[in-house]
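**Student:** below are the sequence and a predicted model for it; my questions follow.
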Amino acid sequence: MSQYTKILVAVDLSEESAQVSERGHAVARSNNAELHLIHVIEPLSFAYGGDIPMDFSGIQDEILQQATQQLKRFAEANGIDEEHQHIILGRPEAEIHATAKELGADLIVVGSHGRHGLALLLGSTANGVLHGAHCDVLAVRVARHE
Ligand code: AMP
């Protein structure tokens with residue numbers, strides 16, 4: 001079986017991110033692959049754009065800065081250098097797909113909660129990433145800290 005060469009680990013920067021990245025690292029080590037981290041920020045205008053006539057740019061910049069710092073700290077703690085950190089504004093599924101394609105990643109790693117009921121109907125990011133991916137997707141079952 002061929003080995004993975006480039007792995008893209010998607011993190012939402014919640015507590016579960018450590019479990020997802022740990023698994024990504026393990027696969028990267030055993031395949032001698034390059035590891036990249038991605039975090040996507042959803043523009044506030046996606047959620048409120050049509051409803052509230054407000055300029056969100058200041059808040060959006062603040063969110064972007066904070067998330068960049070958070071991703072940096074997380075990446076440093078996991079031994080991932082700056083060139084391998086990607087912070088993107090957009091819809092998580094679409095941006096994860098686009099970045100994986102751009103990098104030529106052959107594996108995407110995401111976290112997955114064994115959802116059921118209404119949450120299953122609404123779907124999840126892992127589900128969205130799986131559909132339409134141009135490479136393998138590893139869904140890491142994560143335990144929720146609630
Ligand atoms: P969710 O289905 O949204 O609870 O998220 C499940 C997994 O999708 C997370 O563990 C991450 O791997 C990925 N994910 C969710 N949101 C984002 C995000 N904003 N940026 C990057 N990855 C994300």
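**Tutor:** It's in. Source: prediction; values computed, not measured. Numbers count the residues shown, from 1 in each chain.
**Student:** residues from this structure in reach of the ligand?
**Tutor:** Residues of the chain found near the ligand (CB under 6 Å from any ligand atom) are 10-12, 16, 20, 38-40, 92, 110-111, 113, 124-126. Just so you know, the C-beta spots here come from the backbone N, C-alpha and C atoms, and that holds for glycine as well.
**Student:** just confirm residue 38 is within a strand.
**Tutor:** Yes. Under DSSP: H, G, I helix; E, B strand; the rest coil, residue 38 falls within a strand.
**Student:** give the contact list for it.
**Tutor:** 8, 9, 10, 11, 86, 87, 88, 95, 96, 99 (CB atoms under 8 Å, 6 or more residues apart in numbering).
**Student:** tally of neighbours for the closest residue to the fourth one other than its chain neighbours?
**Tutor:** Just to be clear, that refers to residue 11. Excluding the flanking residues, the one nearest residue 11 by CB to CB, 6 or more residues apart in numbering is residue 17, at 3.9 Å. Residue 17 has 21 neighbours, counted by other CB atoms under 10 Å.
**Student:** residue 17 is in contact with residue 109, isn't it?
**Tutor:** No. Residue 17 lies out of contact with residue 109 (CB atoms under 8 Å); the separation is 10.8 Å.
**Student:** just checking, next helix/strand downstream of the strand or helix carrying residue 67?
**Tutor:** Residue 67 is located in helix 57-77, with elements delineated by DSSP states H and E. Downstream of helix 57-77, the next assigned helix or strand under DSSP H and E is strand 85-89.
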